[in-house]
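In: I'd like to go over a predicted model; first the sequence, then the structure.
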Amino acid sequence: MPRYALTIAYDGTAFHGWQKQHPPDLDPLRTVQGVVEAAVEELIRESVHVLGASRTDSGVHAEGQIACFTSAVDLDPEILPAALSSRLPVDVQVRHAEIVDPVFNPISDAEAKSYRYRLAHGRTMADSRPLFDRHTTAWSARELDVSLMKQAAHDLIGEHDFGAFTKIRHGRESTVREIYQCAVEEDSSDRLRIDVEGNGFLWNMVRIIAGTLVEIGEGRLPVDSIPGMLESGDRRQAGRTMPPEGLCMMWIRYGPPGSGKRRRLQDSAAREQDAD
């Protein structure tokens, strides 16, 4: 049976994250996985499981979430995005679709993921605090020294034990991950973005990385403190967990077509990212 991979974008503000949740004796919570599965089932008229690559938390957004499903129904990947998007609520879009190897797994086959954290800072101007983009941009009331943040970000690159940069009860056997890139870039005098690319991420890891860099930019933490945090593995040593609205999953990279993995959907998501 054909296996279809989707690139999905969503505004996570009104969702309880990606993963379906059905608390006992209560109605199911509104999740991205839930509404996407409902749209697919309405289209193909059969029950289906949509597997997502990243379990984004409540309030977190995505431009390049990857998900897949298998169905005996013959679907045209060229028209599948429009067919699904027309059945989805206004805060979710399917941006791209293609047929992939039947054994493709969007979680285990991922080679790299990229997240972006958007932040406004300072209160010297009346409009420094986000208003119209408040659901996609976090805010720090203090002026940030971006040069210090840039310097500190380099200490996160490489393979490290990121035990200090995740929730205490994270549920993972290993907290070792490799960061390929961590960059702080200014979009304007009071707006910046933190881009983090790696082979995998722990629960709240990017939001804690952002919070640590923010505290360094605020002068609350020394610029050279990150190596000690990594060495300690102690969550108390790292900075605060930043709020979810600033975080967006940008893209996921896979291997070349024909290897049981795929790269084309990531390339499509990257083009969306470049249009920001």
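Out: Alright, I've got the coordinates. Note that the structure is predicted; figures quoted are calculated from it, not measured. Numbering: from 1, shown residues only.

In: Quickly find the element holding residue 114.
Out: Using DSSP states H and E, residue 114 falls within strand 112-121.

In: Now that strand: buried residues?
Out: 112, 113, 114, 115, 116, 117, 118, 119, 120, 121 (16 or more other C-beta atoms under 10 Å). Just so you know, the C-beta spots here come from the backbone N, C-alpha and C atoms, and that holds for glycine as well.

In: Just the closest of those to residue 188, please.
Out: Residue 188 lies nearest to residue 120 out of those, by C-beta to C-beta, at 9.0 Å.

In: Identify the residues contacting the closest one.
Out: By C-beta atoms under 8 Å, 6 or more residues apart in numbering, residue 120 lies in contact with 128, 129, 130, 137, 138, 139, 140, 190, 191.

In: quick one: low-confidence parts of this structure?
Out: In the predicted model of the chain, residues 124-126, 169-172, 256-276 satisfy pLDDT under 70.

In: can you give me the helices in it?
Out: In the chain, the helices defined using DSSP state H lie at 32-44, 80-85, 146-153, 205-218, 226-232, 264-274.

In: is it possible to export those helices to a markdown table including mean neighbour count?
Out: A markdown table is the format used below for the helices of the chain (neighbours: other C-beta atoms under 10 Å):
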| stretch | mean neighbour count |
| --- | --- |
| helix 32-44 | 20 |
| helix 80-85 | 17 |
| helix 146-153 | 19 |
| helix 205-218 | 25 |
| helix 226-232 | 17 |
| helix 264-274 | 17 |
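
In: and the ones you listed as a markdown table, adding distance to residue 52?
Out: Below are these laid out as a markdown table (distance: least, C-beta to C-beta, whole Å):
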| stretch | distance to residue 52 |
| --- | --- |
| helix 32-44 | 6 |
| helix 80-85 | 14 |
| helix 146-153 | 28 |
| helix 205-218 | 17 |
| helix 226-232 | 29 |
| helix 264-274 | 13 |
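
In: Among the ones you listed, which comes closest to residue 162?
Out: helix 205-218 (5.9 Å).

In: what's the offset of that closest one from the middle of its chain?
Out: 16 Å (C-alpha atoms, centre = their mean, to the nearest Å).

In: again with stretch 92-105
Out: Centroid displacement of stretch 92-105 relative to its chain, using C-alpha atoms, centre = their mean, is 17 Å.

In: try stretch 181-191
Out: 18 Å.

In: Please save the CA atoms from it in CSV.
Out: Extracted in CSV, the C-alpha atoms of stretch 181-191 (Å, rounded to 0.1, in the frame of the first residue of the first chain):
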residue,chain,number,x,y,z
GLN,A,181,24.4,25.0,14.5
CYS,A,182,23.2,27.5,17.1
ALA,A,183,23.0,31.1,15.8
VAL,A,184,21.6,34.3,17.2
GLU,A,185,20.6,36.8,14.5
GLU,A,186,19.1,40.3,14.8
ASP,A,187,16.1,41.1,12.6
SER,A,188,15.9,44.6,13.9
SER,A,189,17.0,46.7,16.9
ASP,A,190,14.5,45.0,19.2
ARG,A,191,13.8,41.7,17.4
